[in-house]
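K.L.:
The following comprises the amino acid sequence and a computationally predicted model.
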Amino acid sequence: MTNATVLVGWRRRWNRSLLQFLGRRVRSTVEVEDLAQEIYLRLLRAPDLMQVRNPQAYLLRVAGNVVAEWRREYPPTESFSADESDAPVDECLPELTLDARLSEHRLNEQLSRMSPMMRAVVLLRLRDEHPYKQIAQELDLTPRQVRRYLARGYEQLRGALDE
């Protein structure tokens, strides 16, 4: 498998994360897109992407290096227009807002399909940040049952996000 083939899969899977990562570090949509393209070009020149153990972490590490180089080469200036410098990142990247809404809709749909017990366990853990033992006590379950419900629930939520 070539690096180009591997990168197509990485882009499909983690491009949103990469754009969010860059969007937090760079204000301009154009710069975010240019940097993302530079990152993918650098990865194409890598020796063998199939050997990478944690692809998402590697992608974001390369992104961090590219952003650091870009900042050294093009330091921020005070000549930003008021509109550009005051605009939140979400307004600069409307596709991120759309992706977030779509993801939220998919997650809510998946939550509604879960059994009431699984939904309760997942919400207590994710939304309310309760520890396993507290969830077990509140719902009259064993900690092992809580872990099983969470594992299945997380799997379903990941599946909904990958759609």
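P.N.:
Cool, got the structure.

K.L.:
Could you use CA atoms for every contact and neighbour count after this?
P.N.:
Will do.

K.L.:
isn't residue 119 right up against residue 111?
P.N.:
Yes: counting by C-alpha atoms under 8 Å, residue 111 is a contact partner of residue 119 at 6.1 Å.

K.L.:
Ramachandran coordinates for the residue lying farthest from the centre of the chain?
P.N.:
Distance from the C-alpha centroid of the chain peaks at residue 140, with 33.8 Å (C-alpha atoms, centre = their mean). Phi and psi for residue 140, reported as degrees, to the nearest 10, are phi 60, psi 50.

K.L.:
tell me which element the residue nearest the centre of the chain is part of?
P.N.:
Against the mean C-alpha coordinate of the chain, by C-alpha atoms, centre = their mean, the closest residue is residue 17 at 3.6 Å. Using DSSP states H and E, residue 17 maps to helix 3-25.

K.L.:
Run the chain-centre distance for the next helix or strand after that helix.
P.N.:
Heading C-terminal from helix 3-25, the first helix or strand you meet, by DSSP H and E, is helix 29-44. Relative to its chain's centre, helix 29-44 lies at 17 Å (C-alpha atoms, centre = their mean, to the nearest Å).

K.L.:
Check stretch 144-156 too.
P.N.:
Centre to centre, stretch against its chain (C-alpha atoms, centre = their mean), the figure for stretch 144-156 is 21 Å.

K.L.:
And it, what's buried?
P.N.:
146, 149, 150, 153, 156 (16 or more other C-alpha atoms under 10 Å).

K.L.:
Which ones among the residues you listed lie within helices?
P.N.:
Members of the buried residues of stretch 144-156 lying in helices (criterion: DSSP state H): 146, 149, 150, 153, 156.
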